[in-house]
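okay, structure incoming, though there's no sequence with it:
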């Protein structure tokens with residue numbers, strides 16, 4: 001991830017150094033040399049994704065693409081907060097590293113928890129199946145699109161929920177390679193500890209429009225951003241509502257500055273007439289007309 005940016009941009013190389021110093025992790029080695037098993041540990045995944053997203057956003061600026069607003073999915077919201085001027089990049093990397101460590105620990109403490117993607121079944125139907133199942137340890141973690149959500153919970157209850165959702169009409173239910181039940185009450189330990197950790201960090205009022213996973217709406221102040229920082233760990237990502245808020249705010253196009261093109265795909269599934277362009281590689285950014 002982000003190797004093309006690192007090789008061609010001095011500013012990105014300096015960003016890597018800043019992130020490595022703040023997180024106490026050799027991020028050049030993590031992003032360029034790690035195997036899948038290492039990267040799927042959330043303490044590594046989160047800082048890697050945050051750095052890759054920040055590197056892409058920085059390189060977009062170097063290409064003359066200046067944002068009027070920003071948003072991010074799950075841990076991707078942290079680079080968005082830095083881009084909006086709410087927190088410094090140094091604080092962002094330090095906080096993301098601690099967020100990942102705490103969520104990894106919460107996953108271990110749970111005794112076995114996980115997540116599954118549910119495809120081609122509406123969020124309303126998924127909510128209904130969960131409510132009628134009697135399962136107490138399963139929740140919707142990500143409201144991704146009108147036909148895709150992710151559920152989060154204990155391994156035992158997720159296994160039962162998967163079968164019930166298939167029976168209810170889901171075309172596919174895919175177990176995710178994660179180390180815990182993120183964006184669910186199972187992460188309460190991490191959320192409480194993280195709230196203490198961010199208490200003495202400076203959160204400024206946003207300089208750009210920036211949208212919240214927790215509420216789906218625009219973040220109005222640094223104080224609100226601080227409160228949402230820990231709430232996001234145990235709250236579902238309301239991406240459908242967030243996409244709608246972005247559309248209603250009058251933006252003319254979106255650019256996905258991060259690894260992969262998953263969010264561009266979800267944006268297309270939302271039905272918005274506003275284009276969402278891939279911007280996660282050097283070649284993709286170079287192809288975007290100003």
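On my side now, so go ahead. This one's a predicted model, so the numbers in the text were calculated from it and none came from an experiment. Residues are numbered from 1 along each chain as shown.

contact partners for the residue lying closest to residue 119 once chain neighbours are set aside?
Once flanking residues are discounted, residue 119 sits nearest to residue 172: 4.2 Å by Cβ to Cβ, 6 or more residues apart in numbering. (Glycine included, C-beta is placed from N, CA and C.) Contact analysis of residue 172 by Cβ atoms under 8 Å, 6 or more residues apart in numbering lists 117, 118, 119, 120.

neighbours around the nearest residue to the last one once chain neighbours are set aside, how many?
This means residue 120. Nearest non-adjacent residue to residue 120, counting by Cβ to Cβ, 6+ apart: residue 171, 4.0 Å away. Neighbours of residue 171 under the rule other Cβ atoms under 10 Å: 10.

quick check: residue 171 touching residue 119?
Yes: the criterion here is Cβ atoms under 8 Å, and residue 171 meets it with residue 119 at 5.6 Å.

wait, a helix at residue 203?
No: counting by DSSP: H, G, I helix; E, B strand; the rest coil, residue 203 is not part of a helix but coil.

for it, what are phi and psi?
Main-chain torsions, residue 203, degrees, to the nearest 10: phi -110, psi 120.

can you tell me the closest non-neighbouring residue to it?
Once chain neighbours are set aside, the closest to residue 203 by Cβ to Cβ, 6+ apart is residue 222, at 3.7 Å.

average pLDDT for stretch 228-236?
Mean pLDDT, stretch 228-236: 98.

and stretch 210-224, by the same measure?
Average pLDDT, stretch 210-224: 98.

and what of stretch 42-61?
96.

list the buried residues of that stretch.
Buried residues in stretch 42-61, defined by neighbour count with 16 or more other Cβ atoms under 10 Å: 42-60.

then stretch 264-277?
264, 265, 266, 267, 270, 276, 277.

now do it: everything it contacts.
In contact with stretch 264-277 (Cβ under 8 Å, 6+ apart) are residues 144-148, 239-240, 243-244, 246-247, 251-256, 263, 278, 284, 288.

list buried residues within the residues you listed.
Among the contacts of stretch 264-277, the ones that count as buried by 16+ other Cβ under 10 Å are 144-145, 148, 239-240, 243-244, 246-247, 254-256, 263, 278, 284.

looking at those residues, which is nearest residue 36?
Nearest to residue 36 among these is residue 263, at 21.3 Å by Cβ to Cβ.

and the lowest-mean-pLDDT helix or strand in the chain, what does it pack against?
Ranking every helix and strand in the chain by mean pLDDT, DSSP states H and E puts helix 36-39 at the bottom, with a mean of 89. Packing contacts for helix 36-39, counted by 3 or more Cβ pairs under 8 Å, 6 or more residues apart in numbering; DSSP states H and E, involve helix 42-62.

do you know the pLDDT at the residue nearest to residue 119?
With respect to pLDDT, residue 172 scores 97.

mind listing the strands for the stretch 1-150 of the chain?
Shown for the stretch 1-150 of the chain, the strands assigned by DSSP state E, counting those that start in this stretch span residues 69-70, 113-119, 138-145, 148-154.

dump those strands to JSON lines, plus distance to residue 35.
Listed next are the strands of the stretch 1-150 of the chain as JSON lines, based on distance: least, Cβ to Cβ, whole Å:
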{"stretch": "strand 69-70", "distance to residue 35": "31"}
{"stretch": "strand 113-119", "distance to residue 35": "20"}
{"stretch": "strand 138-145", "distance to residue 35": "26"}
{"stretch": "strand 148-154", "distance to residue 35": "24"}
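
out of those strands, which gets nearest to residue 198?
So among the strands of the stretch 1-150 of the chain, strand 69-70 is nearest, using Cβ to Cβ, at 19.4 Å.

who touches that closest one?
57, 80, 83, 84, 208, 209, 210, 211, 246, 249, 251.

narrow these to those in helices?
Counting by DSSP state H, the contacts of strand 69-70 place 57, 80, 83, 246 in helices.

tell me the one of the residues you listed nearest residue 95?
The closest of the ones in helices among the contacts of strand 69-70, once distances to residue 95 are taken by Cβ to Cβ, is residue 80, at 13.2 Å.

which residues touch the closest one?
Residue 80 makes contact with 70, 71, 72, 210, 211 under the criterion Cβ under 8 Å, 6+ apart.
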